[in-house]
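S.K.: prediction below, plus the sequence it came from.
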Amino acid sequence: MTAKTGHCLCGAVGFTAEVVESSHHACHCGMCRRWTGGPFLTTTARGVVFDGTENLVRYASSTWAERGFCRICGSTLFYFLLPTGTHMLSVGAFDDPTPFRLTEEIFIDHKPDGYAFAGDHPRLTEAQTLAKYAPG
Ligand SMILES: [Zn+2]
Ligand SMILES: [Zn+2]
């Protein structure tokens, strides 16, 4: 998938991504759930350029990552992995959501029992998630 665009709820912050993976994951970790109100659906993107950066806030949620959101409307826009410079963009912020498919869930052992995604795809525990994705 190439050259995809998206924006926050109020439109003050927009983005264009050169390369976007159509398969995305859902993170059930406590930080993502608190930040977004539920599981955080993100896809890996490269060549990301933002418009309206004066309204883009980057919150350092850990020593290795930042979470980006709009200062005006509060929309969650991305998780940014500092060691690799990788943007994980919020699937919900894209203008066209139709190409995206949920292909993996992470931190499944942190998911509350009250909801569950359907489908036959990998569901990684915290230990499995860290083994696969932890930087360094
Ligand atoms: Zn906004
Ligand atoms: Zn998370």
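M.R.: Happy to help now that I have it. Every value quoted in this text rests on a predicted model; they were computed, and no experiment measured them. Ligands and ions are numbered 1, 2, ... in the order given.

S.K.: now do the contacts for the residue nearest in space to the middle of the chain.
M.R.: Using Cα atoms, centre = their mean, the residue of the chain that lies closest to the mean C-alpha position is Thr42, 3.0 Å off. With contact set as Cβ atoms under 8 Å, 6 or more residues apart in numbering, Thr42 has these partners: 24-25, 27, 78-79, 88-91. Just so you know, the C-beta spots here come from the backbone N, C-alpha and C atoms, and that holds for glycine as well.

S.K.: now with 10 Å, please.
M.R.: The neighbours of Thr42, taking Cβ atoms under 10 Å, 6 or more residues apart in numbering as the test, are 21, 24-27, 32, 36, 76, 78-79, 87-93, 106.

S.K.: one more: Thr103?
M.R.: Counting by Cβ under 10 Å, 6+ apart, Thr103 has contacts 21-26, 43, 119, 121-122.

S.K.: show me which of the residues you listed are buried.
M.R.: 21, 24-26, 43 (16 or more other Cβ atoms under 10 Å).

S.K.: which other helices and strands contact the helix or strand that contains Glu66?
M.R.: Using DSSP states H and E, Glu66 maps to strand 65-70. Applying 3 or more Cβ pairs under 10 Å, 6 or more residues apart in numbering; DSSP states H and E, we find strand 65-70 packed against helix 30-36, strand 40-51, strand 56-60, strand 76-81, strand 86-90.

S.K.: okay, the ones you listed in JSON lines with distance to Lys111 and mean pLDDT next?
M.R.: Listed next are the helices and strands packed on strand 65-70 as JSON lines, based on distance: least, Cβ to Cβ, whole Å; pLDDT from 0 to 100:
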{"stretch": "helix 30-36", "distance to Lys111": "9", "mean pLDDT": "97"}
{"stretch": "strand 40-51", "distance to Lys111": "12", "mean pLDDT": "97"}
{"stretch": "strand 56-60", "distance to Lys111": "23", "mean pLDDT": "98"}
{"stretch": "strand 76-81", "distance to Lys111": "18", "mean pLDDT": "97"}
{"stretch": "strand 86-90", "distance to Lys111": "18", "mean pLDDT": "97"}
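
S.K.: between those, which one is nearest to Gly11?
M.R.: In terms of Cβ to Cβ, the element of these nearest to Gly11 is strand 40-51, at 9.6 Å.
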